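S.K.: please find the sequence and the predicted model below.
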Amino acid sequence: MDAQTLAVAQEIDLSMWALFARATLTVKLVMVLLLVASVWAWAIILEKAVTYRRARREAVIFDRAFWSGEPLDELFDGIGPQPKGRAQRIFAAGMTEWRRSHRDDGGLIAGAHARIDRSMDVAIQKEAEVLQKGLPVLATVGSTAPFVGLFGTVWGIMHAFVEIANQQDTSLVVVAPGIAEALFATALGLVAAIPAVIFYNKLSGDSDRIIAGYEAFADEFSTILSRQLDA
């Protein structure tokens, strides 16, 4: 490589903005799509981190109140039939059905235990849907972003070869910009995919543990009510 070619190559702007500005329309669309996917994934990650932290804190506070020895009816009256906490809503679902299962004479309607269990199961399912909402997006970004980036890379390299053919020149000045733009698309795909995969696995595990805690509480609560039904 002669000194003149080297000097021209050193003057090529390879900043991220320059790589984006010089890319073809197709590669630009790929880059924008990957950036949007990355921002969307991070928004979900941050929202879920806050939601799960709040859910764990609410569960600890409610668990402490539930096992404090306070009568269940008084605890229910204190939080009301439509509480804000997730664990409280599961408890409220069970207690609401418990009270509905009593006849005017104080007796219990047949099948009360099964209805209480179903009410809490439905409440748990609703909370699980809210907790897991958005996680499929992370899975989708994590699995597809590298391939979208690879598509941009292939398209960019193809365009670089077309430029080489048009200019009949294989010097670094001709080759470097096109190859750099193409590889930039792959880099963006990995930037979007790697955090999405890592946090999808972590958040899925966190969600499963929180839901398992709700299910364990529902089983314990159901056992307590069962003792009263059998008494």
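M.R.: In hand now; what should we look at?
S.K.: how deep is Gly152 tucked in, by neighbour count?
M.R.: Look at Gly152: counted by other CB atoms under 10 Å, it has 28 neighbours. Any C-beta I mention is one placed from the backbone N, CA and C, and that applies to glycine too.
S.K.: could you do Val141 as well?
M.R.: 25.
S.K.: with adjacent residues omitted, what lies nearest to it?
M.R.: Ala196 (4.1 Å; CB to CB, 6 or more residues apart in numbering).
S.K.: from memory the one you found sits against Val39, does it?
M.R.: No: with contact defined as CB atoms under 8 Å, Ala196 does not count as touching Val39 (11.4 Å).
S.K.: quick one: which of those two has more around it?
M.R.: Comparing Ala196 with Val39 by other CB under 10 Å, the one with more neighbours is Ala196, at 26 against 11.
S.K.: which residues touch the more buried one?
M.R.: Ala37, Ala41, Leu138, Ala139, Val141, Gly142, Ala145 (CB atoms under 8 Å, 6 or more residues apart in numbering).
S.K.: ok now the host helix or strand of the fifth one, how far from the chain's centre?
M.R.: I take that to be Val141. Using DSSP states H and E, Val141 sits in helix 135-167. Distance of helix 135-167 from its chain centroid, counting by CA atoms, centre = their mean, to the nearest Å, is 24 Å.
S.K.: for the record, mean pLDDT for whatever helix or strand comes next after that helix?
M.R.: Downstream of helix 135-167, the next assigned helix or strand under DSSP H and E is helix 172-230. Averaged over helix 172-230, pLDDT sits at 86.
S.K.: same deal with stretch 151-165?
M.R.: 79.
S.K.: go on, stretch 127-136?
M.R.: 94.
S.K.: which parts of it are buried?
M.R.: Glu127, Ala128, Leu131, Gln132, Gly134, Leu135 (16 or more other CB atoms under 10 Å).
S.K.: how about the residues you listed in TSV, adding distance to Leu150?
M.R.: Output for those, formatted as TSV (distance: CB to CB, whole Å):
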residue	distance to Leu150
Glu127	38
Ala128	35
Leu131	33
Gln132	29
Gly134	25
Leu135	24
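S.K.: check contacts around the residue nearest the centre of the chain.
M.R.: Nearest to the geometric centre of the chain sits Leu135, at 3.2 Å (CA atoms, centre = their mean). Neighbouring residues of Leu135 by CB under 8 Å, 6+ apart: Ile44, Lys48, Tyr200, Leu203, Ser204, Ser207.
S.K.: equivalent analysis for Thr186, please.
M.R.: Pro146, Gly149, Leu150, Gly152, Thr153.
S.K.: by neighbours, which of the residues you listed wins?
M.R.: Gly152 (28 neighbours).
S.K.: pretty sure that one is touching Leu25, no?
M.R.: No: look at Gly152 against Leu25 with CB under 8 Å: they stay out of range, at 11.4 Å.
S.K.: let me know the closest of the buried residues of stretch 127-136 to Leu190.
M.R.: Nearest to Leu190 among the buried residues of stretch 127-136 is Leu135, at 20.5 Å by CB to CB.
S.K.: just put the contacts of Ala196 in a markdown table and tack on distance to Gln228.
M.R.: Output for the contacts of Ala196, formatted as a markdown table (distance: CB to CB, whole Å):
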| residue | distance to Gln228 |
| --- | --- |
| Ala37 | 52 |
| Ala41 | 48 |
| Leu138 | 43 |
| Ala139 | 43 |
| Val141 | 49 |
| Gly142 | 48 |
| Ala145 | 54 |
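S.K.: okay then, goodbye and thanks.
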